[in-house]
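Peer 1: Quick one: sequence and predicted model below, then my questions.
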Amino acid sequence: MGNFLLIVLCLVGGILLSKTKNFPAKAHLGINAFIFYVSLPALSLRYIPNIDYNFEILYPALMPWMVFLLAAVLFISLGKLLGWHKHLVGCLILCCGLGNTSFLGFPLLTFFYGEESLKYGILADQAGSFMVMSTLGIFTALYFQYGKGNSKEIGAKILRFPPFIAFIIALGLTFIEVPDGLNIAFEKLGSTLSPLALFSIGTQLTWKTKNFEFLPFSIGLTYKLLIAPLLIYLLYLQLIGEINLVLQVSVVEAAMAPMITGVLLATEYKLRPNLASMFAAIGIPLSLLTTYLWFFYLGG
């Protein structure tokens, strides 16, 4: 319940404060800078070195990679078919290819399946969603902003992007025992991500119905909340052969709302920022219903 209240307070707080006269018009730029230079790198350094790489992690860990790659194929194909601008395609891939597997995912998994489910949820988030965001997500944001003709520039920007640098360092720390004091510091800095990102999204959210791209918005949310988890369910049922906790966690995590950081990447790189914010504002509350429906369908 605390996480849900935090979502509401930060989103609504951002919306309300952005309407006040004395609130800085571009406050979100400073907030986003802190997130990308401090919060995200801290999360990488805290959690990626602690991933236990074994066969058991494959199903929950591979799920976010499949969901993201399927989103890329789907939205690039639709973009070509329907003549969508590259910024719209990039926005859809980032917002609907990445799921909120921790901030929403962990409390919902605990509510649905108990504490035991978190060991698989953490794998889906750390070895899956967070790694996808740190690699393919960053590449997608830069590619759809700057275009395929600037591959060297995109590569250089990725190598200089603080979360990616932290990701590489974190992989190296896998072989080193990180002191507890540092882990605590990384965890506290990383915990600023969700409230700051939600607040930033709230400050940029504008409820404009004129020229609102309803078709791509509805297709994107339908993919994220219904189609992606359905595909994961059908595939994993064939591979695992039964509905067990690994399958249930993988499917429910696949059905989570758009990842806040994915939305933030889209807004930071001006890939339809208003549409991206709407994915968070509408997708998060709507996913509370759809994840429960998946839980019920999977035998909850």
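Peer 2: That came through, no problem.

Peer 1: helices or strands next to the helix or strand where Phe68 lies in the packing?
Peer 2: For Phe68, the enclosing helix or strand under DSSP states H and E is helix 58-82. Packing contacts for helix 58-82, counted by 3 or more C-beta pairs under 8 Å, 6 or more residues apart in numbering; DSSP states H and E, involve helix 86-97, helix 118-123, helix 131-132, helix 214-222, helix 228-240, helix 245-254. All C-beta spots, glycine's among them, are computed from the backbone N, C-alpha and C.

Peer 1: which stretch in these has the least confidence?
Peer 2: Out of those, helix 118-123 stands lowest, with a mean of 84 (criterion: mean pLDDT).

Peer 1: just how off-centre is that one within its chain?
Peer 2: The chain centre lies 16 Å from the centre of helix 118-123; the measure is C-alpha atoms, centre = their mean, to the nearest Å.

Peer 1: returning to what we had before: okay, buried residues for the helix holding Phe68 please.
Peer 2: Taking 16 or more other C-beta atoms under 10 Å as the basis for neighbour counts, the residues of helix 58-82 that come out buried are 59-68, 70-72, 74-76, 78-79.

Peer 1: next one: stretch 105-122
Peer 2: 105-109, 112-113, 117-118, 120-122.

Peer 1: Stretch 140-148 now?
Peer 2: Within stretch 140-148, the residues that qualify as buried by neighbour count (16+ other C-beta under 10 Å) are 140-145.

Peer 1: ok, these vs Val249, which is closest?
Peer 2: For these, the residue nearest Val249 by C-beta to C-beta is Thr140; the value is 25.6 Å.

Peer 1: residues contacting Leu264?
Peer 2: 32, 35, 197, 200-201 (C-beta atoms under 8 Å, 6 or more residues apart in numbering).

Peer 1: Could you export these as TSV, including pLDDT and distance to Gly155?
Peer 2: Converted to TSV, the contacts of Leu264 look like this (pLDDT from 0 to 100; distance: C-beta to C-beta, whole Å):
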residue	pLDDT	distance to Gly155
Asn32	86	22
Ile35	87	23
Ala197	82	26
Ser200	86	27
Ile201	78	29
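
Peer 1: what's the most distant pair in those?
Peer 2: Pairwise distances across these peak at 10.9 Å for Ile35 and Ile201 (criterion: C-beta to C-beta).

Peer 1: Settle it for me: which of the two has more neighbours?
Peer 2: For Ile35 versus Ile201, neighbours defined as other C-beta atoms under 10 Å are more numerous around Ile201 (28 against 24).

Peer 1: Now the more buried one: which helix or strand?
Peer 2: Element membership of Ile201 [criterion: DSSP H and E] is helix 193-204.

Peer 1: Mind listing residues that contact that helix?
Peer 2: Helix 193-204 has contacts (C-beta under 8 Å, 6+ apart) with 6-7, 10-15, 17-18, 23, 27-28, 31-32, 34-35, 39-40, 43, 103, 260-261, 263-264, 267, 273-274, 277, 280-281.

Peer 1: With just CA atoms, put it into CSV.
Peer 2: Only the C-alpha atoms of helix 193-204 are listed here, as CSV (Å, rounded to 0.1, in the frame of the first residue of the first chain):
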residue,chain,number,x,y,z
LEU,A,193,14.8,6.9,-8.4
SER,A,194,11.1,6.1,-8.2
PRO,A,195,9.8,9.1,-6.3
LEU,A,196,11.9,11.6,-8.3
ALA,A,197,11.0,10.0,-11.6
LEU,A,198,7.3,10.0,-10.8
PHE,A,199,7.5,13.6,-9.6
SER,A,200,9.3,14.6,-12.8
ILE,A,201,6.7,12.8,-15.0
GLY,A,202,4.0,14.6,-13.1
THR,A,203,5.6,18.0,-13.7
GLN,A,204,5.6,17.3,-17.5
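
Peer 1: who does the least confident helix or strand in the chain by mean pLDDT touch, helix- and strand-wise?
Peer 2: Taking mean pLDDT, DSSP states H and E as the measure, the helix or strand of the chain with the lowest value is helix 151-160, at a mean of 77. Under the contact criterion of 3+ C-beta pairs under 8 Å, 6+ apart, helix 151-160 touches helix 138-146.

Peer 1: Pro273 and Ala266 touch, don't they?
Peer 2: Yes - when contacts are counted by C-beta atoms under 8 Å, Pro273 is listed as touching Ala266 (6.7 Å).

Peer 1: Neighbour count for these two, which is higher?
Peer 2: When Pro273 and Ala266 are compared on other C-beta under 10 Å, the one with more neighbours turns out to be Ala266, at 31 against 21.

Peer 1: For the more buried one, give me its contacts.
Peer 2: Contacts of Ala266 (C-beta under 8 Å, 6+ apart): 90-91, 94-95, 141, 272-273, 276.
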